[in-house]
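Undergrad: What follows is a predicted protein model with its sequence.
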Amino acid sequence: MVRKAGSSQRREESLTRDRIIDASIDLLDSSGEGGLTFRNLSERLATGPGAIYWHIANKSDLLTAACDAIVAGTMEAHMARATPKATIRALALAIFDAIDAHPWVGSALTSPAGLLPMVRILEPLGQQVRALGVPDKEQWAAVSALLSYILGVGGQNAANGQLARTRGLDRSDFLEAVSTMWSQLDPDVYPFTRSVAGQLRVHDDRVDFLAGIDLILRGIDSPRRR
């Protein structure tokens, strides 16, 4: 009995928190939040649920830890830039790409469990907005606009990509179909939509995303210029 207990303890010690988080990320990427269960995780790690509970209290903590690992690694890799604007653009695009690669991160960030990962994004954005010379009373509005845009557009882009994959849609074919439909709309009712139908066919999601970041940065700049 003593030998069995010692063996069990060694298995729990060899099953590190990092291994559990890495396996959780793999499950989330392949099956989404619905596929992240302690049973599935136990099978992937070839261990019992009890060994996992030794390191992680529940699914909410597990999702937070997985999201935090993605966000922390992303932010750390894109902090050192020449100017505050360049840093903001790099951080924003990095989060956009991270959500595109891991669609579950978008919803995890906007849930109560995502409070700590959210702060990891909020803090460096806030520091860069301060470095731009934005007055204290205007900093929250500027950072909030950036954060809402990054998470909103990033999350929508990831959702569109995920929907296309589940339905077996090719992006270029889908855009071609939508572009054709837009171009056939009533010109008196939808003059703008018709005018951009051709651009939709060839647009680049990442380029459009950065263009929006630049619009926000110009808006942050404009009061100080006046």
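TA: Done, it's in.
Undergrad: how does this structure divide up, domain by domain?
TA: In the assignment given by automatic domain parsing, the structural domains of the chain cover 1-56, 59-225.
Undergrad: For the residue most central in space within the chain, list the residues it contacts.
TA: With the centre of the chain defined as its mean C-alpha position, the nearest residue by Cα atoms, centre = their mean is Ile99, 2.9 Å away. With Cβ atoms under 8 Å, 6 or more residues apart in numbering as the criterion, the residues that contact Ile99 are 105-106, 151, 154-155, 157-158. Yep, even glycine has a C-beta here, placed from its N, CA and C like the rest.
Undergrad: distance of it from Asp18?
TA: Ile99 sits 22 Å away from Asp18 when distances are taken as Cβ to Cβ, to the nearest Å.
Undergrad: With Ala211 instead?
TA: The span separating Ala211 from Asp18 equals 38 Å under the rule Cβ to Cβ.
Undergrad: Same check on Arg171?
TA: When Arg171 is compared with Asp18 (using Cβ to Cβ), they lie 34 Å apart.
Undergrad: Report pLDDT for the residue nearest to the centre of the chain.
TA: Residue-level confidence at Ile99 comes out at 95, pLDDT.
Undergrad: which stretch of helix or strand covers it?
TA: Here Ile99 sits within helix 84-101, counting by DSSP states H and E.
Undergrad: pretty sure Arg130 contacts Ala142?
TA: No - Arg130 is not in contact with Ala142 according to Cβ atoms under 8 Å; the separation is 9.6 Å.
Undergrad: Please say which of these two ends up with more neighbours.
TA: Relative neighbour count places Ala142 above the other of Arg130 and Ala142, with 21 against 15, counting by other Cβ atoms under 10 Å.
Undergrad: what's that one in contact with, if anything?
TA: Applying Cβ under 8 Å, 6+ apart to Ala142 gives the contacts 129, 134, 216, 220.
Undergrad: mind listing what's buried in stretch 101-121?
TA: Going by neighbour count (16 or more other Cβ atoms under 10 Å), the buried part of stretch 101-121 is 102-109, 113-114, 117-118, 120-121.
Undergrad: just stretch 17-32 next, same as before
TA: Here stretch 17-32 shows 20-21, 23-25, 27-29 as buried, counting by 16+ other Cβ under 10 Å.
Undergrad: Quick check: helices, which of those are part of them?
TA: Among the buried residues of stretch 17-32, the members falling in helices are 20-21, 23-25, 27-29 (criterion: DSSP state H).
Undergrad: Can you flag the buried ones in the contacts of Ile99?
TA: Among those, those scoring as buried are 105-106, 151, 154-155, 157-158 (criterion: 16+ other Cβ under 10 Å).
Undergrad: Let me have those residues in JSON lines, adding distance to Ser183, secondary structure and pLDDT as columns.
TA: Listed next are the buried ones among the contacts of Ile99 as JSON lines, based on distance: Cβ to Cβ, whole Å; DSSP: H, G, I helix; E, B strand; the rest coil; pLDDT from 0 to 100:
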{"residue": "Val105", "distance to Ser183": "35", "secondary structure": "helix", "pLDDT": "93"}
{"residue": "Gly106", "distance to Ser183": "31", "secondary structure": "helix", "pLDDT": "88"}
{"residue": "Leu151", "distance to Ser183": "32", "secondary structure": "helix", "pLDDT": "94"}
{"residue": "Gly154", "distance to Ser183": "28", "secondary structure": "helix", "pLDDT": "93"}
{"residue": "Gly155", "distance to Ser183": "28", "secondary structure": "helix", "pLDDT": "91"}
{"residue": "Asn157", "distance to Ser183": "23", "secondary structure": "helix", "pLDDT": "88"}
{"residue": "Ala158", "distance to Ser183": "27", "secondary structure": "helix", "pLDDT": "87"}
